[in-house]
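In: sequence first, predicted coordinates after that:
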Amino acid sequence: MTLEDDVAAALRRLQRDSDDPFKTLVNRALREGLKRIETETEPRPPFVTRTVSLGRCRIGNLFDVSEALAVAEGD
């Protein structure tokens with residue numbers, strides 16, 4: 001089995017922080033990952049952002065920077 005560099009680095013970090021041998025960490029990581037994969041019965045529904053009405057635009061023309069600044073500054 002060949003590990004990707006990022007996976008091997010993560011396992012080395014775990015090994016440095018624990019007293020477990022590399023083989024034990026690999027097996028534990030595989031068991032946890034397989035449990036999560038097996039319990040995923042259906043994909044999550046996509047996140048939907050609800051829209052809200054903010055009312056009408058208070059600035060007549062957004063392309064007129066001086067008018068937008070005047071409204072923002074309360075002129």
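Out: Received it, and whenever you're ready, just let me know what you need.
In: all the helices of the protein, residue numbers only.
Out: 5-17, 22-39, 65-73 (DSSP state H).
In: would you put the C-alpha positions of the longest one in CSV?
Out: If I follow you right, that is helix 22-39. Extracted in CSV, the C-alpha atoms of helix 22-39 (Å, rounded to 0.1, in the frame of the first residue of the first chain):
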residue,chain,number,x,y,z
PHE,A,22,2.4,3.4,13.0
LYS,A,23,0.6,0.2,12.1
THR,A,24,-1.9,0.7,15.0
LEU,A,25,-2.6,4.3,13.9
VAL,A,26,-3.1,3.3,10.2
ASN,A,27,-5.6,0.6,11.3
ARG,A,28,-7.5,2.9,13.6
ALA,A,29,-7.7,5.6,11.0
LEU,A,30,-9.0,3.1,8.4
ARG,A,31,-11.6,1.7,10.9
GLU,A,32,-12.9,5.1,11.7
GLY,A,33,-13.0,6.1,8.0
LEU,A,34,-14.8,2.9,7.1
LYS,A,35,-17.4,3.4,9.8
ARG,A,36,-18.2,6.8,8.5
ILE,A,37,-18.4,5.6,5.0
GLU,A,38,-20.7,2.7,5.9
THR,A,39,-23.1,4.9,8.0
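In: ok, which of the helices of the chain comes nearest Arg56?
Out: Shortest distance between Arg56 and the helices of the chain, using Cβ to Cβ, is found for helix 65-73: 13.0 Å. From N, CA and C alone the C-beta is placed, and that goes for glycine too.
In: can you pull out the low-pLDDT segments for this structure?
Out: By pLDDT under 70, the low-scoring segments of the chain are 59-61, 75.
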